[in-house]
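Trainee: Sequence and predicted structure, then a few things I'm wondering about:
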Amino acid sequence: MTDIALVYDRSETDELGIRLTADEMGVGLTYLPFYKVALGFGNDGVTYRSPGQDYTSALKDVGVVLNRTQSKNRRLFASAIFEALDKEVLNPLSAELACQSKIRTLLAFLKSGIRVPKTVYVPSNVQEVRADGGTLDNSGVISKLITRELGDGKVVTKPDAGTHGSDVRLADGPEALAEMLRGVSSSIINPSGVVAQEFIPKWFYDLRIVVEKEKGRPGLCHPTALARAGFKEFRTNTFLGNMVFRVMLPSSVQREAVRCGEALGSGAQAWVLALDAMPYIGDDRVVDEGALRSCFDALEGPFGEVRKVKRYALKKRNFAEYTRMIGEAYGHYMSTEAYASIEGAIEESLREKRDSVFFHEGNACPEFWEQTRLVGGVNVAEPLLRCALSLLDR
């Protein structure tokens, strides 16, 4: 088994980027869809078929699977199935399971002695269905339980399996928390109960950090990271319109990030993970906030051009052209004086608070082709392919 297979449910720019990078590195890839296919298994063997093609023979030659299935639950099924078929999988099922749940991620970090935000999990649902068909509103008691643990100040609630800042809410005080909880319901991203965390005053940015481990080598952290920044609200996710900046990570933060990767990797031979972290800035701000806000205003034009290119309707069909266009747009944005000013403020504040960084999430299938590659300085396709090659039996 000598093949590396790229497994996906839909091919987005990241998957196209992996293909392009594989070509540049001279790495051959097999492509296996994981959506409209039937995986049959029984005592008579395994079959892998789509409506128009039989992938059974191709599967036999696969030694390593790059699991780029976008749906979290579908990705878990993919890892479980391919590992059961004796394939090496990036990322392994153990890492996928840890990253799928914020609670499991935080517990893995905590067990390894990594600094995390104080977190409360209440197993009860806010709206409880009674035996007589009615509902019981538990928002009051859940609010009291959370407040007793986290205090009566600002509290963040979030879905256990959420992404992109979806349904992450901030409440200031017990009454506001009780009112906010009435909008929390069970869903595919919040299967049961309520997750609440202390509010970390990160000022205006958080960090997306990439860590990797090849078979036979120690884990490492990429020295540059993506800072997601803005003053729009307390959430700094880029899906909410915030901007991005490159930041050099202090060595102490890099070491902690590797420990996070090891905690989530759980002894696996290879992994490539993205981590989310927040510095505790509080009132220790290195520059005037008004000046920073003016810099963000000045960047609206250049960053607007980036957003415009991202909306290019033919970007997957004309991927090479799109890659050129998005590179130019980000290059212009990053060449501005306003960008340099914000980047400098982030790096200075992070250096000062390098020992007060809280890690809180892991991502086993991070998006990367645009922001992480061009701004963060890490083409995640490269460590994915290096780690896959390290797992091949040669």
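Mentor: Cool, got the structure.

Trainee: pLDDT at residue 183, what is it?
Mentor: What the model reports for residue 183 is a pLDDT of 85.

Trainee: what do you get for residue 2?
Mentor: Reported pLDDT for residue 2: 67.

Trainee: And residue 394, by the same measure?
Mentor: As predicted, residue 394 sits at a pLDDT of 54.

Trainee: same question, residue 295
Mentor: We have a pLDDT of 98 for residue 295.

Trainee: would you say it is within a helix?
Mentor: Yes: using DSSP: H, G, I helix; E, B strand; the rest coil, the secondary structure at residue 295 is a helix.

Trainee: Could you check which helix or strand contains the closest residue to it other than its chain neighbours?
Mentor: Nearest residue to residue 295, sequence neighbours excluded (Cβ to Cβ, 6 or more residues apart in numbering): residue 338, at 4.0 Å. All C-beta atoms are positioned from the backbone trio N, CA, C, and that covers glycine. Under the criterion of DSSP states H and E, residue 338 resides in helix 337-352.

Trainee: For that helix, list every residue counted as buried.
Mentor: 338, 339, 341, 342, 343, 345, 346, 347, 349, 350 (16 or more other Cβ atoms under 10 Å).

Trainee: residue contacts, the fourth one?
Mentor: I take that to be residue 342. 229, 243, 245, 292, 295, 296, 299 (Cβ atoms under 8 Å, 6 or more residues apart in numbering).

Trainee: ok, 7 Å please
Mentor: Counting by Cβ atoms under 7 Å, 6 or more residues apart in numbering, residue 342 touches 229, 245, 292, 295.

Trainee: cool, and the first one?
Mentor: Residues in contact with residue 338 (Cβ under 7 Å, 6+ apart) are 295, 298, 299.

Trainee: do the second one as well
Mentor: Contacts were defined as Cβ under 7 Å, 6+ apart; by that measure residue 339 touches 245, 299, 333.

Trainee: can you pull out the helices in the stretch 201-350 of the chain?
Mentor: Using DSSP state H, counting those that start in this stretch, the helices of the stretch 201-350 of the chain run over residues 251-265, 289-310, 319-334, 337-352.

Trainee: Would you format the ones you listed as a markdown table with distance to residue 236 included?
Mentor: As requested, these are exported to a markdown table (distance: least, Cβ to Cβ, whole Å):
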| stretch | distance to residue 236 |
| --- | --- |
| helix 251-265 | 17 |
| helix 289-310 | 12 |
| helix 319-334 | 17 |
| helix 337-352 | 11 |
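
Trainee: Which of these sits closest to residue 109?
Mentor: Among the helices of the stretch 201-350 of the chain, the nearest to residue 109 by Cβ to Cβ is helix 251-265 (5.6 Å).

Trainee: Need the residues that contact that closest one.
Mentor: Here helix 251-265 makes contact (Cβ under 7 Å, 6+ apart) with 95, 98-99, 105, 108-109, 111-112, 114, 209, 211, 213, 219-221, 223, 271, 273, 275, 354-355, 357, 359, 362.

Trainee: same deal with stretch 311-324?
Mentor: By Cβ under 7 Å, 6+ apart, the residues outside stretch 311-324 that reach it are 13, 16, 325.

Trainee: Quick one: end-to-end length of that stretch, please.
Mentor: Counting by Cα to Cα, to the nearest Å, you get 14 Å between the two ends of stretch 311-324.

Trainee: quick one: buried residues of stretch 123-133?
Mentor: 125, 126.

Trainee: Now do that stretch: distance from first to last residue.
Mentor: For stretch 123-133, the first-to-last residue distance is 21 Å (Cα to Cα).

Trainee: Please state the mean pLDDT value computed over it.
Mentor: 87.

Trainee: hmm, who's touching that stretch?
Mentor: Residues contacting stretch 123-133 (Cβ under 7 Å, 6+ apart): 135-139, 142, 181-182, 184-186, 192-194.

Trainee: Just the ones in strands from these, please.
Mentor: Counted as lying in strands by DSSP state E, out of the contacts of stretch 123-133, are 135, 136, 137, 194.

Trainee: list the contacts for residue 56?
Mentor: 47, 48, 49.

Trainee: For the residue nearest to the second one when sequence neighbours are not counted, give its distance to residue 90.
Mentor: Using Cβ to Cβ, 6+ apart and skipping the chain neighbours, the partner closest in space to residue 48 is residue 55 (4.2 Å). If you measure residue 55 against residue 90 using Cβ to Cβ, to the nearest Å, the figure is 19 Å.

Trainee: Could you look up the SS state of the spatially closest residue to residue 136 that is not a sequence neighbour?
Mentor: Closest residue in space to residue 136, ignoring its immediate chain neighbours: residue 128 at 4.3 Å, by Cβ to Cβ, 6+ apart. Judged by three-state DSSP, the three-state class of residue 128 is strand.

Trainee: The residue nearest to residue 48 - how many residues pack around it?
Mentor: 19 (other Cβ atoms under 10 Å).

Trainee: That one reaches residue 47, doesn't it?
Mentor: No: applying Cβ atoms under 7 Å, one finds residue 55 not in contact with residue 47, separated by 8.7 Å.

Trainee: So in the chain, where's the weakest helix or strand by average pLDDT?
Mentor: Of all helical and strand segments in the chain, the minimum by mean pLDDT, DSSP states H and E falls on strand 127-129, at a mean of 85.

Trainee: Given it, what are its sheet partners and their directions?
Mentor: Paired with strand 127-129 in the same sheet, following DSSP bridges, are strand 135-137 (antiparallel).

Trainee: How about the partner strand, which residues are buried there?
Mentor: Residues of strand 135-137 include none that count as buried (16+ other Cβ under 10 Å).

Trainee: what comes into contact with it?
Mentor: For strand 135-137, the external contacting residues (Cβ under 7 Å, 6+ apart) are 127, 128, 129, 130.

Trainee: Swap in 10 Å and give it another go.
Mentor: Strand 135-137 is contacted from outside by 124, 125, 126, 127, 128, 129, 130, 178, 181, 182, using Cβ atoms under 10 Å, 6 or more residues apart in numbering.

Trainee: Then stretch 11-25?
Mentor: The contact list for stretch 11-25 (Cβ under 10 Å, 6+ apart) reads 4, 6-9, 27-29, 31, 33, 66, 68, 70, 310, 315-316, 319-320, 322-323, 326, 365-370, 372-373, 379-382, 384-386, 388-389.
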